[in-house]
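**Q** Quick check, what structure comes out for this input:
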Amino acid sequence: MASEVSYDSVMEESDELSLMCEDDVQVYGRIRQRCEREIGRADQLVAQLEDAGAGPTVIGWVTRCREQYQVLLAQLDELEKNTISQGEAVTRAKALLEAGQGYYADIAADMESVADRDFYISDQVDGEDTSAATETYETRGAHA
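**A** Numbers count the residues shown, from 1 in each chain. Predicted coordinates for the structure are as follows:
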């Protein structure tokens, strides 16, 4: 069942989304620290393995792991930038919604009062409506 969308529900959801964006950026920071730490450890391990005379296969494994952490690190930059932009867009949209709510509040109240009516003043069809199909229209400038 779909939930009802209202001004209050949208405002609440925008607050939650803003908090989620902030939390995500903090998590990206922790992941970034982990990637940087693991890249540094991989560099140290490769140097130790080379000094110990380890074969290229083992050094290749460590190098590939380091490269994967470097890829993650590069993707985090883009992800963080996009998340910050999303949070800013939510904040701007919320501000516009708040500004619009004040402007349209009277119109919305009128619309709600009309929607709540059990009957209308008149259901009579206007003569103008019934004769629309038979009206003739003049064309200006069409005479040559």
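**Q** now for the longest helix seen in the chain, which elements pack on it?
**A** The longest helix of the chain (DSSP state H) is helix 56-115. On a contact count with 3 or more C-beta pairs under 8 Å, 6 or more residues apart in numbering; DSSP states H and E, helix 56-115 meets helix 7-52. (Each C-beta comes from the backbone N, C-alpha and C, glycine too.)
**Q** what angle do the helix it packs on and helix 56-115 make?
**A** 180 degrees (axes from the mean of the first three to the mean of the last three C-alpha atoms, to 10 degrees).
**Q** and residue 101, how far is that from residue 11?
**A** Distance of residue 101 to residue 11, computed by C-beta to C-beta, to the nearest Å: 9 Å.
**Q** Revised request: answer the last question for residue 74.
**A** The value you get for residue 74 to residue 11, if C-beta to C-beta is used, is 36 Å.
**Q** check contacts around residue 17.
**A** The contact partners of residue 17, taken as C-beta atoms under 8 Å, 6 or more residues apart in numbering, are 86-87, 90.
**Q** lowest-confidence helix or strand of this protein?
**A** None of the helices or strands of the chain scores lower by mean pLDDT, DSSP states H and E than helix 127-130, at a mean of 61.
**Q** just to revisit the earlier point, out of the contacts of residue 17, which end up buried?
**A** 87, 90 (16 or more other C-beta atoms under 10 Å).
**Q** could you give me the average pLDDT of stretch 89-104?
**A** The predicted model gives stretch 89-104 an average pLDDT of 79.
**Q** again but with stretch 51-71, I slipped
**A** On average, the pLDDT along stretch 51-71 is 92.
**Q** what's that stretch in contact with?
**A** With contact meaning C-beta under 8 Å, 6+ apart, stretch 51-71 is reached by 35, 38-39, 42-43, 45-46, 49-50.
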